[in-house]
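Novice: What follows is a predicted structure for the sequence shown.
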Amino acid sequence: MTPRLAFQIAAVFGFLAVALGAFGAHGLKSTLATLGTTESFEIAVRYQFLHALAMLVVARLRPFPAGVWWCFATGILVFSGSLFVLALTGSKWLGAVTPIGGVAFLAGWLWLVFRAPRD
């Protein structure tokens with residue numbers, strides 16, 4: 001994984017967060033309201049967008065901390081992905097998968113804590 005490709009993939013995640021947020025607010029509004037899952041969908045979008053931004057920053061760090069980047073990517077796919085599916089299908093069992101993505105997010109942030117440059 002090159003830093004350039006990592007940056008581009010992060011930008012795609014950001015694009016998708018905006019697109020999914022808009023689609024959820026407009027095209028899926030009644031479906032999400034009927035299922036009572038609007039909040040889950042919004043949380044998925046928010047976490048995807050925030051971590052896409054973090055991935056953009058991480059892709060520009062030198063040396064490139066690929067492990068951190070992969071933790072955030074995994075978090076988006078598992079945490080946000082499971083919430084998107086839960087929100088669209090009402091399948092509550094996916095709530096058991098979501099924390100795995102949350103742990104990936106936490107691991108990425110902790111990795112950054114211990115990777116911080118020294119003064």
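Specialist: Yep, it's here.

Novice: In terms of secondary structure, what does the helix or strand hosting Leu56 contact?
Specialist: Using DSSP states H and E, the element containing Leu56 is helix 38-60. When contacts are defined as 3 or more C-beta pairs under 8 Å, 6 or more residues apart in numbering; DSSP states H and E, helix 38-60 sits against helix 3-25, helix 29-35, helix 66-75, helix 81-89, helix 98-115. Using the backbone N, CA and C atoms, a C-beta is placed for each residue, glycine as well.

Novice: would JSON lines of the ones you listed with mean neighbour count and mean pLDDT be doable?
Specialist: Shown next, in JSON lines, are the helices and strands packed on helix 38-60 (neighbours: other C-beta atoms under 10 Å; pLDDT from 0 to 100):
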{"stretch": "helix 3-25", "mean neighbour count": "16", "mean pLDDT": "98"}
{"stretch": "helix 29-35", "mean neighbour count": "13", "mean pLDDT": "96"}
{"stretch": "helix 66-75", "mean neighbour count": "21", "mean pLDDT": "97"}
{"stretch": "helix 81-89", "mean neighbour count": "20", "mean pLDDT": "96"}
{"stretch": "helix 98-115", "mean neighbour count": "15", "mean pLDDT": "96"}
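
Novice: which stretch among the ones you listed comes nearest Val45?
Specialist: Closest approach to Val45 among the helices and strands packed on helix 38-60 (C-beta to C-beta): helix 3-25, 4.3 Å.

Novice: now the angle from that closest one to helix 66-75?
Specialist: Put simply, helix 3-25 runs at 20 degrees to helix 66-75, going by axes from the mean of the first three to the mean of the last three C-alpha atoms, to 10 degrees.

Novice: now the angle between helix 38-60 and helix 3-25, please.
Specialist: Going by the same axes, to 10 degrees, helix 3-25 makes 160 degrees with helix 38-60.

Novice: What are the contacting residues of stretch 101-112?
Specialist: For stretch 101-112, contacts defined as C-beta atoms under 8 Å, 6 or more residues apart in numbering pick out 47, 51, 54, 58, 65, 67-69, 71-72, 74-82.

Novice: With stretch 30-44 instead?
Specialist: Contacts of stretch 30-44 (C-beta under 8 Å, 6+ apart): 20-21, 24, 28-29, 79-81, 83-84, 86-88, 90.
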